[in-house]
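[1] Take a look and give me a structure for this.
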Amino acid sequence: MPYQQDIEYDLEDKGLEDCRYIISSQHRNGNPNKSIWTLTHDGEIDCFVFSFSSEWKDDNTCWGVSVLGQDIQVVGHNTNNEELKIAKFVDANANMLWHGYPADYMRNSQDRPTTNTLRDWVRRGYITKAKMSKIRLGQSCNL
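    Okay, the predicted model is just below:
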């Protein structure tokens, strides 16, 4: 597969002043060791902006979902080509330069959203309390 360069976006026009986002090529180029986005570039950025604006963050990590109505949409696939519906965004250097990937909460405990984020998703009607418990425990649930 040909080399793809990371793409950096300034998010000021999305209402996030002094915030930048990188579309990471390693989560787009079919790397067999990485989860892969199925969202378009714009969809990935919109998912981040929605997550950041909803304050689903803890320090330098932000959790996201792509929602259509009240339904959570697929954001990508894991290394086993299974659908993923939760996104994880990180600001590794705390300099407002974010990047993200589809999170595999069942296989990676670090990919499980914080309890506060999950509670807000319950409050908004995106998930049930039972699904919140399953996600926290890394158990399968039909999002």
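
[2] Name whatever forms a beta bridge with the most centrally placed residue in the chain.
    Nearest to the geometric centre of the chain sits residue 87, at 1.5 Å (CA atoms, centre = their mean). Beta-bridge pairing for residue 87 (DSSP bridges): residue 64, residue 102.

[3] so it makes contact with residue 102?
    Yes. With contact defined as CB atoms under 8 Å, residue 87 reaches residue 102; the gap is 5.9 Å. C-beta: built from backbone N, CA, C; applies to glycine.

[4] Determine the residues that are contacts of both of those two.
    The contact sets of residue 87 and residue 102 overlap at 75-76 (CB atoms under 8 Å, 6 or more residues apart in numbering).

[5] Strands of this structure, start to end?
    Using DSSP state E, the strands of the chain run over 7-10, 20-23, 36-37, 57-58, 61-64, 66-68, 71-73, 76-77, 83-84, 86-90, 97-103.

[6] Tell me if I'm right that residue 139 and residue 106 touch.
    Yes. Counting by CB under 8 Å, residue 106 is a contact partner of residue 139 at 7.1 Å.

[7] who's more crowded, these two?
    residue 106 (18 against 11; other CB atoms under 10 Å).

[8] Isn't that one up against residue 138?
    Yes. At 5.2 Å, residue 106 and residue 138 qualify as touching, with contact defined as CB under 8 Å.

[9] Provide the partner residues of the residue nearest to residue 99 when sequence neighbours are not counted in its beta bridges.
    Counting by CB to CB, 6 or more residues apart in numbering, residue 99 lies nearest to residue 22, which is 4.3 Å off, once chain neighbours are set aside. In this entry, residue 22 is beta-bridged to residue 8, residue 99, by DSSP bridges.

[10] mind checking pLDDT for residue 22?
    pLDDT recorded at residue 22 is 93.

[11] Now do the same contact list for the closest residue in space to residue 58 that isn't next to it in sequence.
    Leaving aside its chain neighbours, residue 58 sits nearest to residue 114 (4.9 Å; criterion: CB to CB, 6+ apart). The neighbours of residue 114, taking CB under 8 Å, 6+ apart as the test, are 56, 58, 61, 63.
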